[in-house]
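In: Everything below, folded, please.
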Amino acid sequence: MIRPLLMVGLMIALPAAAMAADARRDTILADYAGQARKVDPAFTGFSAQRGESLFRAKWTGGDARTPSCTACHTDNPKTAGQNAKTGRPIEPVAVSVTPKRFTDMAEVEKQFGRDCKSVIGRECSPIEKGDYITFMAGQ
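Out: Numbering: from 1, shown residues only. Next up is the predicted model:
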């Protein structure tokens, strides 16, 4: 009886794990890891926990309309958001809901370039970018 239950559990878990895995996202993370090592030789890897902290933190250096990532993306990355400035709908940022997220380097850089300045008031570091993607890939 335990073995069939184990198989059912694996059948449910594997598609979710497969959805989170994407060679293009892995390449982007590898690029950020290389950049991170150049900035900090002690860099050992990205952290979903740091990524979640970045996502939920309240910042004061950016636009007052976007004091945190949650201002547009909501507290739940699995739900659709809305641009705090324009009202435009935003697809969920969680990879489990929007699997194409973080798979196009030009788009990722465009988003981080705009959003980090708007929310934090500065460019995000390669470590922050990798942490954020790592957190969202697990969501």
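In: This protein: strands as residue ranges?
Out: 81-82, 89-90 (DSSP state E).
In: for those, which one ends up most surrounded?
Out: Counting by mean count of other C-beta atoms under 10 Å, strand 81-82 has the highest mean neighbour count of the strands of the chain, with a mean of 17. Just so you know, the C-beta spots here come from the backbone N, C-alpha and C atoms, and that holds for glycine as well.
In: what comes into contact with that strand?
Out: Outside strand 81-82, the residues that touch it by C-beta atoms under 8 Å, 6 or more residues apart in numbering are 72, 73, 74, 88, 89, 90, 92, 93.
In: Might one say that the last one is in contact with residue 76?
Out: This points to residue 93. No. In this structure, residue 93 is not within contact of residue 76 by C-beta atoms under 8 Å, at 9.7 Å.
In: Looking at the contacts of strand 81-82, which are in helices?
Out: In this view, these that belong to helices under DSSP state H are 72, 73.
In: Are any of the contacts of strand 81-82 buried, and if so which?
Out: Among the contacts of strand 81-82, the ones that count as buried by 16 or more other C-beta atoms under 10 Å are 72, 73, 74, 90, 92, 93.
In: Show the contacting residues for residue 97.
Out: Contacts of residue 97 by C-beta under 8 Å, 6+ apart are 78, 91, 139.
In: Kindly reformat those residues as a markdown table containing neighbour count, pLDDT and distance to residue 133.
Out: Below are those laid out as a markdown table (neighbours: other C-beta atoms under 10 Å; pLDDT from 0 to 100; distance: C-beta to C-beta, whole Å):
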| residue | neighbour count | pLDDT | distance to residue 133 |
| --- | --- | --- | --- |
| 78 | 15 | 98 | 16 |
| 91 | 13 | 97 | 15 |
| 139 | 20 | 97 | 11 |
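In: so, if you compare the residues you listed, which one comes nearest to residue 39?
Out: residue 139 (25.9 Å; C-beta to C-beta).
In: quick one: that closest one from residue 81, how far?
Out: 13 Å (C-beta to C-beta, to the nearest Å).
In: and for these two, which residues touch both?
Out: Common neighbours of residue 139 and residue 81 (C-beta under 8 Å, 6+ apart) are residue 93.
In: Adding distance to residue 122 and mean pLDDT, write the strands of the chain out as CSV.
Out: Shown next, in CSV, are the strands of the chain (distance: least, C-beta to C-beta, whole Å; pLDDT from 0 to 100):
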stretch, distance to residue 122, mean pLDDT
strand 81-82, 22, 96
strand 89-90, 22, 96
